[in-house]
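Chemist: Have a look at this prediction, sequence included:
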Amino acid sequence: MRIGLIGLGRIGTFHAETLSALDVVEELVVTDVVASVAAQTAHKVSATVADTPEDLLASGVDGLVIAASTPTHPSLILASVEAGVPTFCEKPVAQDPREGAEVLARVERSDVPVQIGFPRRFDPAFVAVRDDVLAGRLGWLHTVRSTTLDPGPPPEAYLRASGGIFHDCAVHDFDAVRWVTGREVVEVYAAGGNRGEPFIRDAGDADTAATVLTLDDGTLAVVSNSRHNGRGYDVRLEVHGSLDAVAAGFDDTLPLRSADPDVAFPAGVPATFFMDRLATAFRRELAAFIRVVAGDLPSPCTVADGLAASWVAEACTVSWRDGRPVRVEEVLTS
């Protein structure tokens, strides 16, 4: 199997290493806007270099992984689909969900599978929580808590093109809430603050956010996000029901210390980087995509799934800026 990879930044380089280690991948073809980066990565993982994305698609790859910058996602997804190549694209589908809706309409007219990258769907603990929920072991749900706290903000240039904290960071929580519960978000109420880097405020963004989501069955979800978590990278999920409660992310790498002198948990070194905390999930995600390419598995996270999380993020952005609850249907029709 020949797999193409476009974009060799932090996550793209990680994907290159993962893909090159898979026995089924006989050849990896890579490209990046910076030719020296492509050459360096290709040398490291024994890949072939294509000069441009167009050249890569024309080379006859069986599947394509898109890890390029967000503004390029729509055109690259559509070019790959039009070439008949099964496609994996990191979130989001598009910087603006309205553009993402156009991508969805065109993808749905094709039978080419597209998978959007939300790695928490492949984290073993998140999978176990979802299994408990869908099996009814928690009873009816009343509260979900989802957390993403970064140890430090991303580079200013990245942040200014990211779409903001709700689209760039919290969107992972929104997808996790939808996927784990099997419910849709109908209304949001979001707040945001700035107590850290001035460039985040100057960009019209928040560095810390809190959101209450109302799901279509009445369950409430609370989402917490920050760019400044001094103890490390914190990704957690709690689901509380009428019969039981369960959590993901409570292991010895949890970047939270207990003030109780009799409690030794967590005893390990706190996670400090998303590719450390979610390394297993990223690898399982790409392994699933290889099965999609082979025709053994339907897309485990469709363009429609990715777009649904983006619409929630858009509603949260409006809610924060307007200081009011916002129903998701409002942004869908705006």
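Modeler: Nice, thanks for sending it over. Residues are numbered from 1 along each chain as shown.
Chemist: which other helices and strands contact the lowest-mean-pLDDT helix or strand in the chain?
Modeler: Between all helices and strands in the chain, the lowest mean by mean pLDDT, DSSP states H and E belongs to helix 156-160, at a mean of 80. On a contact count with 3 or more Cβ pairs under 8 Å, 6 or more residues apart in numbering; DSSP states H and E, helix 156-160 meets helix 198-202. For every residue, glycine as well, the C-beta is placed using N, CA and C.
Chemist: which residues sit against the helix it packs on?
Modeler: P153, E156, L159, N194, A206, D207, R227 (Cβ atoms under 8 Å, 6 or more residues apart in numbering).
Chemist: ok, now which ones touch the nearest residue in space to E330 that is not next to it in sequence?
Modeler: Nearest residue to E330, sequence neighbours excluded (Cβ to Cβ, 6 or more residues apart in numbering): A315, at 7.0 Å. The neighbourhood of A315, defined by Cβ under 8 Å, 6+ apart, consists of V185, E187, V188, V326, R327, V328, E330, V331.
Chemist: same question, V29
Modeler: V29 makes contact with R2, I3, G4, L5, A47, T48, V49, A50, L56, S59, V61, according to Cβ under 8 Å, 6+ apart.
Chemist: try 7 Å this time
Modeler: Under the criterion of Cβ atoms under 7 Å, 6 or more residues apart in numbering, the neighbours of V29 are R2, G4, A47, T48, A50, L56, S59, V61.
Chemist: related to what we said a few turns ago, could I get the contacts of A315 as CSV with secondary structure and pLDDT?
Modeler: Output for the contacts of A315, formatted as CSV (DSSP: H, G, I helix; E, B strand; the rest coil; pLDDT from 0 to 100):
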residue, secondary structure, pLDDT
V185, strand, 98
E187, strand, 98
V188, strand, 98
V326, strand, 98
R327, strand, 98
V328, helix, 98
E330, helix, 97
V331, helix, 96
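Chemist: most neighbours, which of these?
Modeler: V188 (28 neighbours; other Cβ atoms under 10 Å).
Chemist: does D175 belong to a helix or a strand, and which?
Modeler: Using DSSP states H and E, D175 maps to helix 171-181.
Chemist: Next one, pLDDT for the nearest residue to D55 once chain neighbours are set aside please.
Modeler: Spatial nearest neighbour of D55, excluding adjacent residues (Cβ to Cβ, 6+ apart): T31 at 7.2 Å. As predicted, T31 sits at a pLDDT of 98.
Chemist: Any idea what T31 is bridged to?
Modeler: T31 forms beta bridges with I6, as assigned by DSSP bridges.
Chemist: residues contacting it?
Modeler: I6, A38, V49, A50, D51, T52, P53, L56.
Chemist: Which of those fall within strands?
Modeler: Counted as lying in strands by DSSP state E, out of these, are I6, V49.
Chemist: now the strands for the stretch 101-250 of the chain?
Modeler: 114-117, 141-149, 185-193, 208-215, 220-226, 234-241, 245-248 (DSSP state E, counting those that start in this stretch).
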